[in-house]
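Undergrad: Okay, predicted coordinates and the sequence, questions at the end:
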Amino acid sequence: MRELNREPGELSATTLVLLHSPLVSMSSWGRTAECVEALGPRCVAVEVDDDLRPPYGLGYARCAADRIAGSVGTGPVVLVGHSGAGPVLPAVTAALHGRVAVVGELYCDANLPRAGASRVDLMRHQGADFENFRAELANGRRYPDWSDEELTELLPDPLDRKTVLAGVRQRGEDFYLEPLPIPDSVPEIGRGFLRLCAGYEFPAAEAERRGWPIIRLDQGHFHPLVDPEETARALVAVAARLVPAA
């Protein structure tokens, strides 16, 4: 685990809000929320399911904001976006403006948002895999289309695989090509990164260049399901550096 060099703040009054990728359901967080709460901070995972029509990104942000406002009151909160939720965190923060005080955004194995970029654009660093994926989308592929066998190495427990597969939300080309919403004004709040696996080293390195607090784990993309305790410890460690120290 990479050490952080910023003094931690006090999380006792802050709620960590866990946001799942739009490709899966809230169940992909497993027991992470309760493991975070065992460490002290309040934590809630919210289900975002009203984003099945375009504009997808804006729909996700608005639905997430409504669910968060109904769950945590006025804040303060640190938003935690896993995987595909990461690029829309700024839009969620903007949708919460005036309702919930967002003090931090934590990107967990997620690509970083970029003005005018689509989800496909944010995947270009994947090289040949990206080009193949882009061609398959153009030919009608709807992703994710995982099988149980394909997830065996990533998720050894068959119950974990069943959980992920039951929550899969397949998306077509229009979803991946849609430019993601970026607010005109981005607030000066704490931002950090938790890298769960080497596949997200590219955005992790960019976050590090920006001076964000970061922890690297060498595990798997669905580590919240496999080891929610370790995931919770890492999330709390990063989140504590996104709030002002006393």
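TA: All right, it came through fine. Residues are numbered from 1 along each chain as shown.
Undergrad: From here on, just use CA atoms for contacts and neighbour counts.
TA: Fine.
Undergrad: and the helix or strand containing Ala234, which residues are buried?
TA: Assigned by DSSP states H and E, Ala234 belongs to helix 228-239. Neighbour-count burial for helix 228-239, counted by 16 or more other CA atoms under 10 Å, picks out Pro228, Glu229, Thr231, Ala232, Arg233, Ala234, Leu235, Val236, Ala237, Val238, Ala239.
Undergrad: For it, list the C-alpha coordinates in CSV.
TA: Extracted in CSV, the C-alpha atoms of helix 228-239 (Å, rounded to 0.1, in the frame of the first residue of the first chain):
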residue,chain,number,x,y,z
PRO,A,228,-14.6,-5.4,1.8
GLU,A,229,-12.5,-4.9,4.9
GLU,A,230,-9.3,-4.0,3.1
THR,A,231,-11.3,-1.9,0.6
ALA,A,232,-12.9,-0.1,3.5
ARG,A,233,-9.6,0.7,5.2
ALA,A,234,-8.2,2.1,2.0
LEU,A,235,-11.2,4.2,1.3
VAL,A,236,-11.2,5.7,4.8
ALA,A,237,-7.5,6.4,4.6
VAL,A,238,-7.9,8.3,1.3
ALA,A,239,-11.1,10.1,2.4
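Undergrad: From here on, call the first residue 44.
TA: Will do, 44 is the new start, and the previous item becomes helix 271-282.
Undergrad: Following element in sequence after the helix or strand of the chain with the lowest mean pLDDT, please.
TA: Every helix and strand in the chain was compared by mean pLDDT, DSSP states H and E; the lowest is helix 171-181, with a mean of 87. Downstream of helix 171-181, the first helix or strand assigned by DSSP H and E is helix 201-209.
Undergrad: Where does the prediction get shaky in this structure?
TA: 44-50, 170-171, 289 (pLDDT under 70).
Undergrad: residues contacting Gly100?
TA: By CA atoms under 8 Å, 6 or more residues apart in numbering, the residues touching Gly100 are Asp94, Val131, Glu221, Leu223, Pro224.
Undergrad: For the first one, grab phi and psi.
TA: Torsion angles at Asp94 (phi, psi; degrees, to the nearest 10) stand at phi -140, psi 40.
Undergrad: Okay, the residue of the chain most remote from its centre and Glu216: tell me how far apart.
TA: Distance to the chain centre peaks in the chain at Asn182, reaching 27.9 Å (criterion: CA atoms, centre = their mean). Using CA to CA, to the nearest Å, we find Asn182 at a distance of 9 Å from Glu216.
Undergrad: again, but for Pro133
TA: 23 Å.
Undergrad: out of these two, which sits in the more crowded spot?
TA: Taking other CA atoms under 10 Å, Pro133 and Glu216 do not tie; Pro133 has more neighbours (21 against 18).
Undergrad: check contacts around that one.
TA: Pro156, Ile225, Pro226, Val229.
Undergrad: Which helix or which strand is home to it?
TA: helix 132-138.
Undergrad: could you point out which element follows that helix?
TA: Moving toward the C-terminus from helix 132-138, the next helix or strand (DSSP H and E) is strand 145-151.
Undergrad: How about residues contacting that next one?
TA: Under CA under 8 Å, 6+ apart, the answer for strand 145-151 is 118-126, 129, 132, 136, 139, 232-239, 281-282, 285-286.
Undergrad: by how many degrees do it and helix 271-282 diverge?
TA: 130 degrees (axes from the mean of the first three to the mean of the last three CA atoms, to 10 degrees).
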